[in-house]
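the following comprises the amino acid sequence and a computationally predicted model.
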Amino acid sequence: MILWLRRIMRFCGSYAKRIRIAWVFAFLKAFCANVPYMVAIVLIGELLNGTLQPRQCIAAAVAMLALLACQSVFQNIADRLQSSAGYELFADVRLRMAEHLRRLPMGYFDEGNMGKISSVLSNDMVFVEEHSMQVLAESISDIFSEALLVAFLFSLHPLVGALGLATVLAAVGVAQLMHRETAIDSDRRQQSIEDLTSAILEYTEGIGVIKSFNRTSDGAAELWQAFSDMTESNLAFERNHSPWERRLNIVYGLGMAAIVAASVGLFERGSLQPAMFIGVMLFAFNLFGPLKHLYGFSSQISIMTTALNRLETVLSEQQIADSGTRGLPAVTSGCPAIEFRNVRFGYGDDEVLHGVSFTAGEGQTVALVGQSGSGKTTIANLLARFWDVRDGDILLHGVSVRDLPLEVLMSQLSVVFQRVYLFEDTVFNNIAFGRADATMEEVEEAARRAQCYDFIQRLPYGFNTVIGEGGASLSGGEAQRISIARCILKDAPIVILDEATANLDADNESAIQEAMTELCRDKTTLVIAHKLGTIRTADKIVVLESGTVAEVGTHEELLGAQGVYARMVAALAARTVWSEEGAA
């Protein structure tokens with residue numbers, strides 16, 4: 001318990017001071033709650049001695065009311081200090097988490113961690129937020145109350161106090177064993193929630209495929225299993241926790257019995273005054289009430305400990321280093337806009353790029369071509385620092401991307417992904433995502449240049465129409481053009497383009513090609529090319545094979561070399577002829 005209290009206080013950081021101030025009021029509240037025991041014993045003593053006066057009863061009643069009022073005031077102040085600190089703390093934690101997630105390498109999100117992130121944000125963090133401050137406040141109050149009661153028992157008689165202290169220590173020992181065992185069960189419980197979240201995400205993302213193959217029942221087998229596992233982990237948690245609560249109750253019962261028996265013996269020998277003996281008999285069953293209440297939070301504390309572990313695990317993931325302090329120099333004719341210099345990179349232990357080197361001059365279009373898995377997309381992702389290289393370097397205008405602040409680097413890049421993602425927001429805000437301070441006129445101009453102005457105007461509320469998450473309410477071509485408008489508005493000098501026309505219908509292809517031409521005008525462009533038309537017009541073609549640069553040159557130069565590129569073009573031409581003959 002004490003270890004948990006220390007840990008949660010470390011987690012609170014700058015808010016810990018406010019919480020410690022709240023502890024002062026928690027102590028005062030506990031004092032006001034326990035003083036009536038002492039007042040009652042004094043009154044009983046006066047009554048037994050025959051000296052109790054009405055004015056003493058009135059004074060005691062007024063004192064009781066005053067203590068009750070003070071107790072409420074102190075409780076209110078402590079709650080305000082701790083609750084407000086708790087909500088402000090977790091507002092900061094969420095912002096810190098968002099900042100941390102945006103600095104993680106993309107590989108973290110590709111390694112099946114979406115379920116973990118969702119579970120940590122929507123379950124672990126919420127559980128700690130909703131329970132930690134309440135448990136912290138109640139725990140501190142209970143600790144102070146129990147300490148006062150044990151001190152009260154010592155004031156009655158040292159033996160009675162010693163028995164009370166022994167009971168408290170025994171309960172602490174049993175509770176320690178309980179926390180060790182329930183920690184394992186809480187780990188399983190929270191992991192089952194994460195597994196369920198992952199299963200739900202996978203099922204909903206693949207629902208189209210599941211329905212198309214009529215596997216809505218079979219396809220949900222993993223989901224049902226995740227529900228079953230979560231149910232079982234929750235029941236197991238409760239089953240394993242209940243026996244420990246019974247053991248604690250046995251400790252409390254034995255302690256109370258020992259105190260009562262000792263009090264009777266002391267009273268018979270005349271070592272305990274009658275008033276004190278009656279006081280012990282009256283309040284015996286409440287002597288360990290604060291301790292019972294304190295360890296009633298043990299299951300919540302166990303879950304919170306696991307939740308904090310999971311939260312801190314995500315926050316401790318290695319970020320992309322952002323320690324660069326250099327700026328970009330003025331553009332010079334002799335320095336390439338982009339340079340890959342002997343770059344090596346791998347996912348896990350598997351190296352996928354082996355000493356890749358090439359350059360892109362200012363305003364040039366460089367096409368990356370090669371078979372699937374040759375490293376085209378990896379190169380584009382490394383330029384944007386979605387990952388960091390293992391060896392070698394990537395330079396913009398002669399400056400290593402690792403020496404540039406991420407904010408400066410990203411201001412130089414516009415990225416058009418083949419898989420478009422639009423936010424559940426207005427069309428205006430989706431386009432203005434490229435530049436938050438853009439005016440309506442600037443957004444409309446970007447839409448015109450991206451060939452999407454006309455269809456936006458046909459939407460129910462034009463640029464103020466809210467589109468579905470991921471662009472679900474738009475066609476693929478419409479969503480692609482809005483994403484291009486976003487990049488046109490950003491107007492970054494370097495464009496990374498994963499050629500999207502590969503998966504679009506013929507009606508949209510021409511409009512999107514015009515939009516991309518407009519986007520890339522006067523820009524340095526790195527394009528992952530799929531179509532021969534794009535490849536042929538590139539200023540430079542980089543041919544990749546198994547993670548290495550096989551050839552570099554123009555279309556004509558590479559055809560004349562009769563190497564890898566020439567064979568790729570011949571194969572592509574053969575497929576085109578076959579396709580045209582089949583259509584005929």
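That came in fine, so what should we check first?

low pLDDT regions in the stretch 101-250 of the chain?
By pLDDT under 70, the weakly predicted segments of the stretch 101-250 of the chain are 110-112, 212-219.

residue 168: neighbour count?
21 (other Cβ atoms under 10 Å). Any C-beta I mention is one placed from the backbone N, CA and C, and that applies to glycine too.

just checking, it touches residue 151?
No. Residue 168 is not in contact with residue 151 according to Cβ atoms under 8 Å; the separation is 11.5 Å.

with just CA atoms, put stretch 189-200 into PDB.
What follows is stretch 189-200, C-alpha atoms only, in PDB (Å, rounded to 0.1, in the frame of the first residue of the first chain):
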ATOM      1  CA  ARG A 189      -7.300  -9.000 -16.600                       C
ATOM      2  CA  GLN A 190      -5.900  -5.900 -18.300                       C
ATOM      3  CA  GLN A 191      -4.200  -8.000 -21.000                       C
ATOM      4  CA  SER A 192      -7.500  -9.700 -21.800                       C
ATOM      5  CA  ILE A 193      -9.100  -6.300 -22.300                       C
ATOM      6  CA  GLU A 194      -6.300  -5.400 -24.700                       C
ATOM      7  CA  ASP A 195      -6.800  -8.600 -26.600                       C
ATOM      8  CA  LEU A 196     -10.500  -7.900 -26.800                       C
ATOM      9  CA  THR A 197      -9.800  -4.400 -28.100                       C
ATOM     10  CA  SER A 198      -7.500  -5.800 -30.800                       C
ATOM     11  CA  ALA A 199     -10.000  -8.400 -31.800                       C
ATOM     12  CA  ILE A 200     -12.800  -5.800 -32.100                       C
END
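
and that stretch, what's buried?
189, 190, 191, 192, 193, 194, 195, 196, 197, 198, 199 (16 or more other Cβ atoms under 10 Å).

what is the neighbour count of residue 490?
For residue 490, using other Cβ under 10 Å, the count is 21.

state the distance from the nearest residue to it once chain neighbours are set aside to residue 448.
Spatial nearest neighbour of residue 490, excluding adjacent residues (Cβ to Cβ, 6 or more residues apart in numbering): residue 434 at 3.7 Å. Noted for residue 434: a distance of 15 Å to residue 448, by Cβ to Cβ, to the nearest Å.

so for these two, which residue has more residues nearby?
residue 434 (21 against 15).

how far away is that one from residue 70?
Counting by Cβ to Cβ - residue 434 and residue 70 are separated by 59 Å.

now swap in residue 193 and tell me
For residue 193, the distance to residue 70 (Cβ to Cβ) stands at 42 Å.

equivalent analysis for residue 45, please.
Distance from residue 45 to residue 70, by Cβ to Cβ: 24 Å.

circling back: okay if I get the buried residues of stretch 189-200 as a markdown table plus secondary structure?
Putting the buried residues of stretch 189-200 into a markdown table (DSSP: H, G, I helix; E, B strand; the rest coil) gives the following:
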| residue | secondary structure |
| --- | --- |
| 189 | helix |
| 190 | helix |
| 191 | helix |
| 192 | helix |
| 193 | helix |
| 194 | helix |
| 195 | helix |
| 196 | helix |
| 197 | helix |
| 198 | helix |
| 199 | helix |
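
now render these as a markdown table, adding distance to residue 366.
Below are these laid out as a markdown table (distance: Cβ to Cβ, whole Å):
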| residue | distance to residue 366 |
| --- | --- |
| 189 | 52 |
| 190 | 47 |
| 191 | 46 |
| 192 | 49 |
| 193 | 46 |
| 194 | 42 |
| 195 | 44 |
| 196 | 45 |
| 197 | 41 |
| 198 | 38 |
| 199 | 42 |
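
between the residues you listed, which is nearest residue 56?
The shortest approach to residue 56 among these belongs to residue 189, at 54.9 Å (Cβ to Cβ).

who's in contact with that closest one?
Residue 189 sits next to 230, 233, 234, 237, 303, 306 when contact means Cβ atoms under 8 Å, 6 or more residues apart in numbering.

now the two most distant members of those.
230 and 306 (14.3 Å).

okay, those two: which has more neighbours?
Using other Cβ under 10 Å, the more surrounded residue of residue 230 and residue 306 is residue 306, with 23 against 20.

ranges for the helices of the stretch 301-450 of the chain?
376-383, 406-411, 427-432, 440-449 (DSSP state H, counting those that start in this stretch).

so which of those helices comes closest to residue 497?
Nearest of the helices of the stretch 301-450 of the chain (Cβ to Cβ): helix 376-383, 8.5 Å.

elements contacting the closest one?
strand 338-347, strand 350-360, strand 365-370, strand 494-498, strand 524-528 (3 or more Cβ pairs under 8 Å, 6 or more residues apart in numbering; DSSP states H and E).

if you set the cut-off to 10 Å instead, what comes out?
If contacts are counted by 3 or more Cβ pairs under 10 Å, 6 or more residues apart in numbering; DSSP states H and E, helix 376-383 sits against strand 338-347, strand 350-360, strand 365-370, strand 391-396, strand 413-416, strand 494-498, strand 524-528, strand 540-545.

how far off centre is that helix?
Mean-position distance between helix 376-383 and its chain equals 26 Å (Cα atoms, centre = their mean, to the nearest Å).

on that earlier part again, just checking, the residue nearest to residue 490 touches residue 443?
Yes. With contact defined as Cβ atoms under 10 Å, residue 434 counts as touching residue 443 (9.1 Å).

which neighbours do these two have in common?
Shared contacts of residue 434 and residue 443, defined by Cβ atoms under 10 Å, 6 or more residues apart in numbering, comprise 485, 486, 489.

top of the residues you listed by neighbour count?
Busiest of those [other Cβ under 10 Å] is residue 485, holding 30 neighbours.

grab the nearest non-local neighbour of that residue.
Leaving out its chain neighbours, the residue that sits closest to residue 485 by Cβ to Cβ, 6+ apart is residue 450, at 3.6 Å.

with residue 289 instead?
Residue 289's closest residue in space is residue 145 (Cβ to Cβ, 6+ apart), at 7.9 Å.

residues in contact with stretch 252-267?
Contacts for stretch 252-267 (Cβ under 10 Å, 6+ apart): 153, 156-157, 159-168, 170-171, 271-274, 276-281, 284-289, 291-292, 295.

one more time with 6 Å, if that's ok
By Cβ atoms under 6 Å, 6 or more residues apart in numbering, the residues outside stretch 252-267 that reach it are 157, 159, 160, 163, 167, 272, 277, 280, 284, 288.

please point out which parts of that stretch sit buried.
252, 255, 256, 258, 259, 260, 262, 263, 266, 267.

out of these, which one sits closest to residue 355?
Relative to residue 355, the closest of these is residue 252; by Cβ to Cβ it sits at 70.8 Å.

and the next helix or strand past the host helix or strand of that closest one?
Assigned by DSSP states H and E, residue 252 belongs to helix 221-268. Next helix or strand after helix 221-268 toward the C-terminus (DSSP H and E): helix 274-283.

that next one: what's the following helix or strand?
Next along from helix 274-283, by DSSP H and E: helix 289-295.

what's the spacing between that next one and its chain's center?
Helix 289-295 has its C-alpha centroid displaced from the chain centroid by 33 Å (Cα atoms, centre = their mean).

other SSEs contacting that helix?
helix 125-156 (3 or more Cβ pairs under 6 Å, 6 or more residues apart in numbering; DSSP states H and E).

can I see the domain layout of this protein?
2-315, 338-583 (automatic domain parsing).

since that was my last question, I'll sign off now.
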